[in-house]
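Visitor: Coordinates for the following, if possible.
(one chain, ligands or ions: 1)
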Amino acid sequence: MTVATASYPIENSLNVKRSVVDTVSQTSSIVGQILGQRRSVKQFDAEVEIPDSDLQDIIEAASSAPSAFNIQHWRVVQIKDQDIKEQLHTLAWKQPQILTASELLVICMDVRAWDKEKLPFCHAPNQEAKDKFKSMLTNIYSNNYQLQRDEAQRSASLFSMSLMLQAQAKGYQTCPMSGFDYYKVGKLLKLPPNVEICMLVALGKDSEGNEKAKKTRVAADHFVKINTF
Ligand SMILES: Cc1cc2nc3c(=O)[nH]c(=O)nc-3n(C[C@H](O)[C@H](O)[C@H](O)COP(=O)(O)O)c2cc1C
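Guide: Residues are numbered from 1 along each chain as shown. Sure, this is the predicted structure:
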């Protein structure tokens with residue numbers, strides 16, 4: 001797969017001539033390292049605390065994730081209460097991450113975010129653009145619950161992945177989780193009718209060194225098809 005074929009001189013702050021190809025490969029190797037290091041951690045060091053400033057940075061960085069029409073369907077429930085944590089633990093088949101993680105974030109999605117006055121239109125410059133946008137979104141999404149939910153899942157999943165990568169970049173480990181009773185957890189968190197759960201993300205420091213374990217993945221030629229499936 002060719003990443004970049006163009007090679008023309010650019011100048012960095014020291015006025016040293018470099019090529020675009022160098023810049024691209026340098027950037028992708030940093031992202032590649034973070035992608036390669038990320039592992040789903042099963043057991044965290046329960047003594048570790050994540051400073052609020054780190055958590056805020058992780059969440060804010062994650063919100064740069066793309067979403068259809070920039071609707072930003074994601075909503076985050078941060079679980080701080082020990083009693084709720086313990087109930088969640090029971091509803092998640094007693095997986096140890098729930099009680100050992102430094103932070104537990106339930107990544108939710110507002111399935112009707114496209115219908116809200118404020119968020120989807122935050123980049124519309126004026127009322128006319130807002131109205132146009134609103135009628136377009138109504139045409140596309142109203143009466144199509146499956147599409148509303150699919151779009152929300154896509155956006156909230158990209159948010160979740162961005163969150164895990166930023167956490168990894170800041171020296172923490174994570175575990176994405178869907179192994180819990182969605183219905184009962186939704187009730188426990190008092191989710192309004194338009195909000196559903198995408199996944200749970202546990203964050204902290206790996207206590208077992210799992211992040212160093214080798215990743216097992218099938219080779220790309222197994223899943224990449226050219227032109228048609
Ligand atoms: C949607 C989703 C749900 C998952 N649910 C759980 C879970 O409930 N418990 C768990 O230990 N791991 C869970 N995982 C982690 C996967 O087991 C893990 O991503 C996979 O084995 C690949 O390993 P890696 O993430 O370390 O590369 C989940 C991952 C995803 C994407």
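Visitor: Over to G36. Which of the three states is it?
Guide: helix (DSSP: H, G, I helix; E, B strand; the rest coil).
Visitor: With M109 instead?
Guide: The local conformation at M109, judged by three-state DSSP, is strand.
Visitor: tally of neighbours for it?
Guide: Counted with other Cβ atoms under 10 Å, residues neighbouring M109 total 29. From N, CA and C alone the C-beta is placed, and that goes for glycine too.
Visitor: Bridging across strands, which residues link to it?
Guide: For M109, the beta-bridge partners are W74, E196 (DSSP bridges).
Visitor: Am I right that it is in contact with A152?
Guide: Yes: using Cβ atoms under 8 Å, M109 is in contact with A152, at 3.8 Å.
Visitor: The residue nearest to the spatial centre of the chain and M177: what is the separation?
Guide: Centroid-nearest residue in the chain: S160, 1.6 Å away (criterion: Cα atoms, centre = their mean). For S160, the distance to M177 equals 10 Å [Cβ to Cβ, to the nearest Å].
Visitor: before we move on, what SS does the residue lying closest to L158 once chain neighbours are set aside have?
Guide: Excluding its sequence neighbours, the residue lying closest to L158 (Cβ to Cβ, 6 or more residues apart in numbering) is A65, at 4.3 Å. With three-state DSSP as the basis, A65 sits in coil.
Visitor: so who does A65 touch?
Guide: W74, S155, L158, F159, M161, S162 (Cβ atoms under 8 Å, 6 or more residues apart in numbering).
Visitor: Out of those residues, which comes closest to the ligand?
Guide: Closest approach to the ligand among the contacts of A65 (Cβ to the nearest ligand atom): M161, at 8.6 Å.
Visitor: So what's the residue count around the closest one?
Guide: Number of residues near M161 (other Cβ under 10 Å) recorded here: 17.
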